[in-house]
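**Q** the following block contains a protein sequence and its predicted model.
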Amino acid sequence: MLSLMAEFRLNYMDRNSLTNSVEEALNQVRASELGIFKETEYEKRVKLFAHISVGVGTIVWAYGDLLL
């Protein structure tokens, strides 16, 4: 569930809330017009968390009963 929420957050996040200057906002507008987005460090970390939690969740789901 956590990885699902993380992916949802990335897909529907308002990218304008991450801008700190007018120049960054203009760069994001240009990137959106071209269909190219530069990933921020935050987005990279959330994606990494989502992938790791999917892997851990799958392992626990598959082999969790063997521990008991």
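**A** Structure's in. What do you need?
**Q** in the chain, what spans have low per-residue confidence?
**A** 11-20, 25, 28, 32, 35, 37-38, 68 (pLDDT under 70).
**Q** rerun at 80
**A** By pLDDT under 80, the low-scoring segments of the chain are 1-40, 43, 67-68.
**Q** buried stuff in the top helix by length along it?
**A** Once the chain is assigned using DSSP state H, the helix that runs over the most residues is helix 41-67. Using 16 or more other C-beta atoms under 10 Å as the test for burial, helix 41-67 gives Glu43, Val46, Ala50, Ser53. Just so you know, the C-beta spots here come from the backbone N, C-alpha and C atoms, and that holds for glycine as well.
**Q** what sits against the second one?
**A** The contact partners of Val46, by C-beta atoms under 8 Å, 6 or more residues apart in numbering, come to Ala6, Arg9, Leu10.
**Q** show me what contacts the residue nearest to the first one when sequence neighbours are not counted?
**A** Leaving aside its chain neighbours, Ala6 sits nearest to Ala50 (4.1 Å; criterion: C-beta to C-beta, 6 or more residues apart in numbering). If a contact means C-beta under 8 Å, 6+ apart, then Ala50 has Leu2, Ser3, Ala6, Glu7, Leu10 as its contacts.
**Q** now Gly55: how far from Glu24?
**A** Look at Gly55 and Glu24: by C-beta to C-beta, to the nearest Å, they are 33 Å apart.
**Q** likewise for Phe49?
**A** Phe49 is 24 Å from Glu24, by C-beta to C-beta.
**Q** same question, Thr40
**A** Applying C-beta to C-beta to Thr40 and Glu24 gives a distance of 10 Å.
**Q** please enumerate the shared neighbours of these two.
**A** Contact criterion C-beta under 8 Å, 6+ apart; residues shared by Thr40 and Glu24: none found.
**Q** tell me the phi and psi of Thr40?
**A** phi -80, psi 170 (degrees, to the nearest 10).
**Q** and for it, the neighbour number?
**A** Counted with other C-beta atoms under 10 Å, the neighbours of Thr40 add up to 12.
**Q** residue contacts, Ser53?
**A** Ser53 neighbours (C-beta under 8 Å, 6+ apart): Leu2, Ser3, Ala6.
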